[in-house]
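# Fold the following and give me the result.
(chains A and B)
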Amino acid sequence: MDLIVTKGITKTYNPKKIPVHALQGVDLTINEGEFTAIVGPSGSGKTTLLNIIGGLDRQTEGVLSVDGVNITDLSDNKLIDFRKNRIGFVFQSYNLIPVFTAAENIGFIMLLQKRSKKEIDTRVDNLLESVGIEEQKNKRPNQMSGGQQQRVAVARALASKPKFVLADEPTANLDSKATSDLLNIMENLNKNEGMTFVFSTHDQRVIDRAHRVVTLEDGKVVSDVYRSKN
Amino acid sequence: MVIGAIVIGIWSIIFLVGMVNGMIDSYVDNAIKNEVSHIKIHHPEFIKDKESKFYISDVINVKSGVDTISGVKAVSYKTILNAMISSSHAGRGISAIGVVPKDEVLVSGVSSRISEGNYLSDKKKNQIIISKRTAEKLKVKLRSKVVLTFQNLENEITMGAFRIVGLFETGNNIYDESVIFINQKDINKLLDFEGNGHEVAILINDLSGLEKIQKSIAKLYPDLLVRTYKEVQPELALFQSQIKMAGIIYMVIFMLALIFGIINTMMMAVLERVRELGMLMAVGMNKGKVFLMIVVETILLAMVAGPVGLALGYFTNSYFNKNGIDLFFYSEEGMKQFGMSKFIYPNVHVETYYQLVLAVSVTALLGSLYPAWKAIRLRPVEAIRGSFTSEKLKLFKKLFSLIKNKIQKNGSNSN
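Down below sits the predicted model:
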């Protein structure tokens, strides 16, 4: 089933002064259960595309449908609600709340969704187990390694039971082992739970593990390659 | 930072209000004790023209009548003359006040302000007390003789010699230089004025009953003029209202400073957490909740700081209320000229604390609005990247280039 459909997406910064065309007519369809990497050199438009798909930024032109909803027409508040319930985010710098423990960082999104405390506690424990950091449950971000923090970020992204997870350069700040562990976790979630992942990356280690690689150059899709799942 | 700003702000306001109240109390108390009392009775013409002929006949009877009114604490009567006091060195015009010492000590504070010698005695004749400053001007000291010259009821010049038995110092230089005190019996004898007087001074127990007692006296003596201290010295009421107004203005300034302090520190708190705020908005916290979060955070900080500031202010005020603040340490002459006491006793009314609780809550709320508004104006996509900072940098660069261009333009014009 089509999960994300972009048609003729363009994004131009500073349209009145010195226009910068970050995206120039991107047509892309991502299906449920895919493990897709969006790659390309710096400035090719990877992050911009991810931000637009995630509803964090709005395109200049084109149509964007996510999970069957044309999010282009959604108001700001409806878009926030849409993100809360259907999209998980993993950021390059983890962006955990420093005064929260790992469990609280994971659980607060469910608080926003007004879930019960019992449900939140159970799900937090399950997520911590699935990303392999049960023993870090009560630690704050500054007491954890970069790899552990990024695993908390993945668990947080999954907490709201989203339709898909967008990860912007998730391994950029991680060493080889942490990168490999993180990719194993995400791959298992994709394989076992059918969670859709879309990465922006230029990390070859991530590209090698992706099932589909979409290459952007100068804001255009120049190749879209499917690979066999291992 | 916010807590510190609020604590210092509240403490300053309490201390300031205490000082203002203390100054008002000191000034008014001084004036009431030494000069005006709470209520005064005169012949209606006497206040226009202080001539001896405008007197209250059978003043002792008037005193006895006032004494029977409920709420009256003490009553005294006086003979008042414009006179010339002379020593062998100098002379000067003064207001000679003839008092009944045993009554006067209950109404006036002058008897407790004797710095050298003693107060007047009911038994001894031709005694006089003058202020220390008048003594310096006349170059006289204790036990020196001075001569009082004045007009009697027939406008004939009359004089009498008096011996200085005491020097007083009320703390109000203007008043001290303008009055002397003698025994009423002595001056009435010189005036052939037995049983009469020019003024009845009354102290009451509770100021809230001032107007009621005034009306009762006026009803009892309809031919006499009965005035409260506010009418006798309108500048006292004016001083009270002006100082109170100044206090309110200071409070508003402090509150404004506090608002800007809160805005500044909460803005710092927002800017330090741009990434976190961006992330919260990205993952689904709506703008209303982000706004409320900043406002609630500020109010919680105020709730922590408020009691600390109030307690600090209360204890500081209580300490100085008991021990006083020595104002003469800074400017003895200046404070005396102004009619102030040596010590100010700060005094904060209970309602001021309630007002402050309300004012700080409102201030915290107002101070949080701008930072909260700035927080919801953040775009998650920029906030997460931390590019908010670079936007500020761009603004500085733009400003810098504008200044640079201006300087270059000015330079080329001058060439």
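# what's the neighbour count on the spatially closest residue to A:Asn70 that is not a sequence neighbour?
Leaving aside its sequence neighbours, A:Asn70 sits nearest to A:Val63 (C-beta to C-beta, 6 or more residues apart in numbering or on different chains; 6.6 Å). (Glycine included, C-beta is placed from N, CA and C.) As a burial measure, A:Val63 scores 15 neighbours (other C-beta atoms under 10 Å in any protein chain shown).
# Surely A:Val63 and A:Thr6 touch.
Yes: A:Val63 lies in contact with A:Thr6 (C-beta atoms under 8 Å); the separation is 7.5 Å.
# The residue in chain A positioned nearest to chain B: neighbouring residues, count only.
Closest approach between chain A and chain B, counting by C-beta to the nearest C-beta: A:Lys84, at 2.4 Å. Using other C-beta under 10 Å, A:Lys84 is surrounded by 18 other residues.
# my read: it touches B:Gly284, true?
Yes: counting by C-beta under 8 Å, A:Lys84 touches B:Gly284, with 2.4 Å between them.
# Tell me how many other residues surround the residue lying closest to A:Leu50 once chain neighbours are set aside.
Spatial nearest neighbour of A:Leu50, chain neighbours left out: A:Ser200 (4.8 Å); criterion: C-beta to C-beta, 6+ apart. A:Ser200: 28 surrounding residues under other C-beta under 10 Å.
# try the one 5 residues further on
A:Arg205 has 14 neighbouring residues, counting by other C-beta under 10 Å.
# for A:Leu74, same thing?
Neighbours of A:Leu74 using other C-beta under 10 Å come to 17.
# Need the phi and psi values for it.
When quoted as degrees, to the nearest 10, the phi and psi of A:Leu74 stand at phi -70, psi 140.
# Look up the closest residue to it, ignoring the ones flanking it.
Closest to A:Leu74 by C-beta to C-beta, 6+ apart is A:Phe82, at 6.1 Å.
# Pick out the residue nearest the middle of chain A.
Centroid-nearest residue in chain A: A:Leu166, 1.3 Å away (criterion: C-alpha atoms, centre = their mean).
# I figured that one was touching A:Arg86, is that so?
No: in this structure A:Leu166 lies outside contact range of A:Arg86 using C-beta under 8 Å: 10.9 Å.
# next SSE after the host helix or strand of B:Ala305?
For B:Ala305, the element it lies in under DSSP states H and E is helix B:287-323. For helix B:287-323, the succeeding helix or strand toward the C-terminus, using DSSP H and E, is strand B:325-326.
# Please enumerate residues in contact with that next one?
B:Met19, B:Gly22, B:Lys342, B:Phe343, B:Ile344, B:Tyr345, B:Pro346 (C-beta atoms under 8 Å, 6 or more residues apart in numbering or on different chains).
# so how far is chain A from the residue nearest to the first one when sequence neighbours are not counted?
Using C-beta to C-beta, 6+ apart and skipping residues adjacent in sequence, the residue nearest B:Met19 is B:Pro346, 5.3 Å away. In this view, B:Pro346 and chain A are 41 Å apart by C-beta to the nearest C-beta, to the nearest Å.
# so B:Pro346, which of the three states?
Following DSSP: H, G, I helix; E, B strand; the rest coil, B:Pro346 is assigned to coil.
# For the longest helix seen in chain A, what is the distance to the chain centroid?
Longest helix in chain A by number of residues (criterion: DSSP state H): helix A:176-193. Remark: helix A:176-193 is offset 14 Å from the chain centroid, using C-alpha atoms, centre = their mean, to the nearest Å.
# Only the buried residues of it, if you could.
A:Ala178, A:Thr179, A:Asp181, A:Leu182, A:Leu183, A:Ile185, A:Met186, A:Glu187, A:Leu189, A:Asn190 (16 or more other C-beta atoms under 10 Å in any protein chain shown).
# right, and the helix or strand after it?
Next in sequence after helix A:176-193, counting helices and strands by DSSP H and E, comes strand A:196-200.
# What's opposite B:Arg163 in the beta bridge?
As for beta bridges, B:Arg163 partners with B:Gln127, B:Lys145 under DSSP bridges.
# I figured it hits B:Ile130, correct?
No: with contacts counted by C-beta under 8 Å, B:Arg163 stays clear of B:Ile130, the gap being 11.0 Å.
# of these two, who's got more company?
B:Ile130 (27 against 14).
# Show me the strands in the chain, by range?
All of this refers to chain A. Assigned by DSSP state E, chain A shows strands spanning A:2-13, A:20-31, A:35-39, A:61-66, A:69-70, A:87-90, A:164-168, A:196-200, A:212-217, A:220-226.
# Wait, chain B was what I had in mind.
All strands of chain B, identified by DSSP E, fall at B:39-42, B:72-86, B:91-99, B:114-117, B:127-131, B:145-151, B:157-168, B:179-183, B:199-204, B:225-228, B:325-326, B:343-344.
# Show me which residues of the stretch 301-415 of chain B are close to chain A?
When proximity is defined as C-beta under 8 Å from any C-beta of the partner chain, the stretch 301-415 of chain B approaches chain A at B:Arg379, B:Pro380, B:Val381, B:Ile384.
# what sits against the residue of the stretch 201-350 of chain B found nearest chain A?
Closest contact between the stretch 201-350 of chain B and chain A, by C-beta to the nearest C-beta, is at B:Gly284 (2.4 Å). Shown in contact with B:Gly284 (C-beta under 8 Å, 6+ apart): A:Ile80, A:Asp81, A:Arg83, A:Lys84, A:Asn85, A:Ile109, A:Leu112, A:Gln113, A:Ser160.
# let's see it at 10 Å
B:Gly284 makes contact with A:79-87, A:89, A:109, A:112-113, A:160, A:162, according to C-beta atoms under 10 Å, 6 or more residues apart in numbering or on different chains.
# With respect to B:Val7, which of these is nearest?
Distance ranking of these against B:Val7, using C-beta to C-beta, places A:Leu112 first at 33.7 Å.
# pLDDT at the closest one, what is it?
pLDDT for A:Leu112: 89.
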